[in-house]
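A.B. asks: How does the following fold in three dimensions:
(2 chains)
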Amino acid sequence: MMKKRLLVLCMIMAFALTGAAYAAWNDSLVINGSVGTGKLNTIFTCATATDNEQGCAKVATTTTSISSPDKKTLTVTINNAYPGYKATVKYTVKNDGTVPVKLNAITPNVPAVLTVNNTAAAGITLAKGESKEFTLTHEVGDSALQNQTYTYTVKLNFTQFTR
Amino acid sequence: MKKRSKMLVLILVLAFALTGVGYAAWTDQLNIDGTVKTGKLDVDFVSGQIFGFTYCPAIATFDEDVTTDIKYIDENTCEVTIGNLYPGAAVFFDVAQKNKGSIPVKFDKATLTYTGDQELFNYLQARADYVADTDGGIFNILDGNVKAGNIMDFGPLANLDDAMTAKLQNLVLQPGGWICFSDEEAMESTSEQPSCIHIKLAENAPDTTQGKSITFTLKMDWKQFNK
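C.D. replies: Predicted structure coming up:
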């Protein structure tokens, strides 16, 4: 009987203490976070072409155009070329995004009959809004055949500057 | 065994996690697409004529007894055949070449190959002039695009190719430009006698040169102007 009373007392005390815990005052602080990501965007802004023809011997032409509206592709077209013909294309790349970029890799795919050199080199960085001019030189080799069309591509891969 | 499996799982998780980081880097790509179309170098004979003549003191007269033929072996080579030539008789022949390609050409060399009787060849003499309209436009001797001159005065026919090579080596023909072996006076039709390549049998040709015919080829090579 004594044991029963003690058990009841313990239970009452336990519930009383529980009630006290619920009754304690509390407060909380809230941190609201907003993360706006930037944009990585490089574009061609201009390109000009010159060649090594002089005087009256001007028969080949080199023209350039930049794709619209994305400005991601520079097209170089050389017509009526011949062995020894050299064309130089100066082009400008602009970091039009909101984060700095790094030129990570250059992937040329050029037939052996053409020599194409690019002053753009891996590792070059462009700050936000920065533009840099590069030069692409072409030379038609002696093994070029007549009445042929040769194509080449150069891919410029940019990554965010931290990578 | 259980420990090994746990290690493998851990490695896999790490590998995928790292792969995820690699792909997560932002990238962008710019492309440069180039097209190079080459031109064509093409110089062809476009016309030719050959006549037998007899030299009179002042005016050459047409001579039907001298037989002549000219044919084209290829676009740069012509073959000339002359028969029944005699001392004092001559042949005037002219060929014209035109730059039918798309790039300028520069004269490289002439090659004369004689296949007839050697004794007769030694008594053949030639002289030649040329006229070239380097841009192929409207012919005007005053526009600076017409080049003309003497290639050689009467001398051994065997020297004709070397003389051509020497005199024409810097001649550049633009697309459409042409050259023939005449002279400016002939082009203006003020000449009293035709001025082409003259080939004659020397006056002192011996009797042993009778009854023989002459056949030679003239090859004119051109190269691209910047070489």
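
A.B. asks: Going by C-alpha atoms from here, please, whenever you check contacts or count neighbours.
C.D. replies: Will do.

A.B. asks: Need the single longest strand in chain A, by residues.
C.D. replies: Scanning chain A for the strand with the most residues, using DSSP state E, yields strand A:149-160.

A.B. asks: Looking at that one now, give me its mean pLDDT.
C.D. replies: For strand A:149-160, the mean pLDDT works out to 96.

A.B. asks: Please see if that strand touches chain B.
C.D. replies: Yes. Counting by Cα under 8 Å from any Cα of the partner chain, chain B is contacted by strand A:149-160 at A:149, A:150, A:151, A:152, A:153, A:154, A:155, A:156, A:157, A:158, A:159, A:160.

A.B. asks: check contacts around the third one.
C.D. replies: Just to be clear, that refers to residue A:151. With contact taken as Cα atoms under 8 Å, 6 or more residues apart in numbering or on different chains, residue A:151 is in contact with A:110, A:111, B:33, B:34, B:35, B:36.

A.B. asks: Mind checking which of those land in strands?
C.D. replies: Judged by DSSP E, strands contain the following of these: B:33, B:34, B:35, B:36.

A.B. asks: Show me what the second one bridges to in the sheet.
C.D. replies: If I follow you right, that is residue B:34. The partner list for residue B:34 in beta bridges (DSSP bridges) reads residue A:76, residue A:152.

A.B. asks: By neighbour count, which of the contacts of residue A:151 wins?
C.D. replies: residue B:36 (22 neighbours; other Cα atoms under 10 Å in any protein chain shown).

A.B. asks: Distance-wise, check that residue relative to chain A.
C.D. replies: Distance, residue B:36 to chain A, by Cα to the nearest Cα, to the nearest Å: 5 Å.

A.B. asks: That residue reaches residue A:79, doesn't it?
C.D. replies: Yes. Residue B:36 is within contact range of residue A:79, at 6.1 Å (criterion: Cα atoms under 8 Å).

A.B. asks: pretty sure residue B:5 is in a strand, no?
C.D. replies: No. Secondary structure of residue B:5 (DSSP: H, G, I helix; E, B strand; the rest coil): helix, not part of a strand.

A.B. asks: sorry, back to before: which among the ones in strands among the contacts of residue A:151 gets closest to residue A:129?
C.D. replies: residue B:33 (24.6 Å; Cα to Cα).

A.B. asks: hang on, isn't the closest one packed against residue A:76?
C.D. replies: Yes. Between residue B:33 and residue A:76 there is a contact at 6.2 Å, judged by Cα under 8 Å.

A.B. asks: Report the next helix or strand after the lowest-mean-pLDDT helix or strand in chain B in sequence order.
C.D. replies: Lowest on mean pLDDT, DSSP states H and E among the helices and strands of chain B sits helix B:184-187, with a mean of 49. Once helix B:184-187 ends, the next helix or strand along the chain (criterion: DSSP states H and E) is strand B:197-201.

A.B. asks: who does that following strand pair up with?
C.D. replies: Using DSSP bridges, strand B:197-201 pairs in its sheet with strand B:89-99 (antiparallel), strand B:124-133 (antiparallel).

A.B. asks: Do you have the strands of chain A handy? List them.
C.D. replies: Per DSSP E, chain A carries strands over the ranges A:42-51, A:61-66, A:73-81, A:86-95, A:101-109, A:114-118, A:125-126, A:131-140, A:149-160.

A.B. asks: list the helices and strands the third one packs on?
C.D. replies: Applying 3 or more Cα pairs under 8 Å, 6 or more residues apart in numbering or on different chains; DSSP states H and E, one finds that strand A:73-81 contacts strand A:42-51, strand A:61-66, strand B:27-38.

A.B. asks: swap in the fifth one?
C.D. replies: Counting by 3+ Cα pairs under 8 Å, 6+ apart, the packing neighbours recorded for strand A:101-109 are strand A:125-126, strand A:149-160.

A.B. asks: Any part of the first one near chain B?
C.D. replies: So that's strand A:125-126. No. Applying Cα under 8 Å from any Cα, one finds strand A:125-126 separated from chain B by no less than 12.8 Å.

A.B. asks: show me where pLDDT drops low in the chain?
C.D. replies: Picked chain A for this. Applying pLDDT under 70 to chain A picks out residues A:1-2, A:14-23, A:56.

A.B. asks: Sorry, I should have been clearer: chain B.
C.D. replies: B:1-3, B:9, B:11-24, B:48-63, B:139-142, B:182-195.

A.B. asks: how about the residues of it near chain A?
C.D. replies: Counting by Cα under 8 Å from any Cα, chain B sits next to chain A at B:25-41, B:102-104, B:174, B:226.

A.B. asks: now do 6 Å
C.D. replies: Counting by Cα under 6 Å from any Cα of the partner chain, chain B comes close to chain A at B:26-40.

A.B. asks: residue closest to the middle of chain A?
C.D. replies: residue A:158 (3.6 Å; Cα atoms, centre = their mean).

A.B. asks: what sits against that residue?
C.D. replies: Shown in contact with residue A:158 (Cα atoms under 6 Å, 6 or more residues apart in numbering or on different chains): A:102, A:103, A:104, B:27, B:28, B:29.
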